[in-house]
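Visitor: output the structure for:
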Amino acid sequence: MVLSCLVRVARSEHASLSLVSKRHRSLLLTPELYNFRTLLGCTENLIYLCLRIPPDPNPRWFTLSLKALDRRLVPVRSYFYQPLEASSMVAHGCGIYVMGGRIGGRASSSVMFLDCRSHTWSTLPSMGVARYSAAASGREDIHIGRVGGYCGVRHMNVMEWREVMGLESLRETLAASKLVNYGGRLGDFWESNKPLMLAQGLEITELDEELPGHKLSNSGNNNMFIFWDVLAPPNKLEIWCAEVSLERHKETCEIRGNILWSQPIVTLDPPPPHRLHCHILYALPLNL
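Guide: This is a model prediction of the structure:
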């Protein structure tokens, strides 16, 4: 009876609900709760945002609910582990895989897993080759892939990384694509030679100039989400989000986007002189 009530509580309210009692807190962390949410169709599409808010050098995590009346960033408690610079991330299943990165200019082979149900980190077997800034994706049959390697993760504690050779030309092609990391799905949105146009006639390749530092994500329904920061009066920083529906024109094969909504999702108040930009490091979709 208790679980049947808790499964209907929005994820954005879990932090507040966990303060009611230890019993509520423990129930919110059980795998049974999330299995029940799936069975009853109560799962939510969420986006995990990783931000670096000056002057704090440590990244901070937030969740964004995509419900129309609840579009706000909710902070996630800090962890003992923070992503390395130039890490590759894949959202898959109930969590986020963080692979490689750079420490003092040297590549890392480490692999970490963030369980987004309990917001706890665990260490996974390292990759065979140290890498940073590599494209990565996840597949429904529970494989995690990067350009140059892949790993089956049906059992996370026995992950076995395998090198994939002969992909040098593919790596160069993917690196030239503005959409290759959109939603962490290689191939599905591989459109390096076909521009994506927004409703106002702005090409997606021009977003780097119009919205420097922006990040793209999807939501599980093939719509695209754009995140960027805005300096708002009086001396506030806002993180904005826009949802864009995508449509391919059969005649030209051109992909066009229609902006469904656009609004600020959080207002920050960093001290001067750090009010110019907030660094949006990662945006990853999950269904929980």
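Visitor: what helix or strand is Tyr34 located in?
Guide: Using DSSP states H and E, the element containing Tyr34 is helix 31-39.
Visitor: Ser16 now?
Guide: Per DSSP H and E: helix 14-17 holds Ser16.
Visitor: and the following helix or strand past that helix, which residues are buried?
Guide: As assigned by DSSP H and E, the chain's next helix or strand after helix 14-17 is helix 22-28. Neighbour-count burial for helix 22-28, counted by 16 or more other Cβ atoms under 10 Å, picks out 27-28. From N, CA and C alone the C-beta is placed, and that goes for glycine too.
Visitor: equivalent analysis for stretch 26-46, please.
Guide: 27-28, 33-34, 36-37, 42-46.
Visitor: where exactly do the strands run in the stretch 1-150 of the chain?
Guide: 45-52, 60-65, 73-75, 88-92, 95-99, 102-103, 106-107, 111-115, 120-124, 136-139, 143-146, 149-152 (DSSP state E, counting those that start in this stretch).
Visitor: the domain parsing of this structure - what is it?
Guide: 1-43, 44-287 (automatic domain parsing).
Visitor: rank those by pLDDT, which is bottom?
Guide: Mean pLDDT values for these show the minimum at domain 44-287, a mean of 71.
Visitor: so which bits of stretch 62-81 are buried?
Guide: For stretch 62-81, by 16+ other Cβ under 10 Å, it's 62-66, 71-74, 76.
Visitor: CA atoms only for the helix holding Ser16 - export them in CSV, please.
Guide: Extracted in CSV, the C-alpha atoms of helix 14-17 (Å, rounded to 0.1, in the frame of the first residue of the first chain):
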residue,chain,number,x,y,z
HIS,A,14,11.7,12.7,-3.4
ALA,A,15,14.3,14.8,-1.6
SER,A,16,11.7,16.5,0.5
LEU,A,17,9.8,13.2,1.1
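Visitor: next, the angle strand 111-115 makes with the helix holding Tyr34.
Guide: 70 degrees (axes from the mean of the first three to the mean of the last three Cα atoms, to 10 degrees).
Visitor: name the nearest of the buried residues of stretch 26-46 relative to Asn258.
Guide: The nearest member of these to Asn258, counting by Cβ to Cβ, is Asn45 at 18.9 Å.
Visitor: how close does that closest one sit to Phe225?
Guide: Noted for Asn45: a distance of 10 Å to Phe225, by Cβ to Cβ, to the nearest Å.
Visitor: anything in contact with each of those two?
Guide: Common neighbours of Asn45 and Phe225, counting by Cβ atoms under 8 Å, 6 or more residues apart in numbering, are Ser219.
Visitor: quick revisit: what about the strands of the stretch 1-150 of the chain, which gets the closest to His214?
Guide: So among the strands of the stretch 1-150 of the chain, strand 45-52 is nearest, using Cβ to Cβ, at 12.1 Å.
Visitor: contacts for the closest one next, please.
Guide: 11, 58-66, 73, 76, 83, 91, 96, 116, 215, 217, 219-221, 225, 227, 239, 278-288.
Visitor: mind redoing it with 7 Å?
Guide: 11, 59-66, 73, 83, 91, 96, 116, 217, 219-220, 225, 227, 278-288 (Cβ atoms under 7 Å, 6 or more residues apart in numbering).
Visitor: again, but for stretch 233-240
Guide: Against stretch 233-240 from outside (Cβ under 7 Å, 6+ apart): 73, 227-232, 262-270, 275, 278.
Visitor: ditto for stretch 212-222
Guide: Under Cβ under 7 Å, 6+ apart, the answer for stretch 212-222 is 45, 47, 66, 182-183, 207, 224-229, 246, 277, 279-280, 283-285, 287.
Visitor: give me the buried subset of those residues.
Guide: Here, 16+ other Cβ under 10 Å leaves 45, 47, 66, 182-183, 207, 224-229, 277, 280, 283-285 buried among those.
Visitor: so which of those residues belong to strands?
Guide: 45, 47, 224-229, 280, 283-285 (DSSP state E).
Visitor: for Glu210, see how far away Lys250 is.
Guide: Taking Cβ to Cβ, one finds Lys250 at 28 Å from Glu210.
Visitor: and the two? Which one has more around it.
Guide: Higher neighbour count among Lys250 and Glu210: Glu210, with 11 against 6, using other Cβ atoms under 10 Å.
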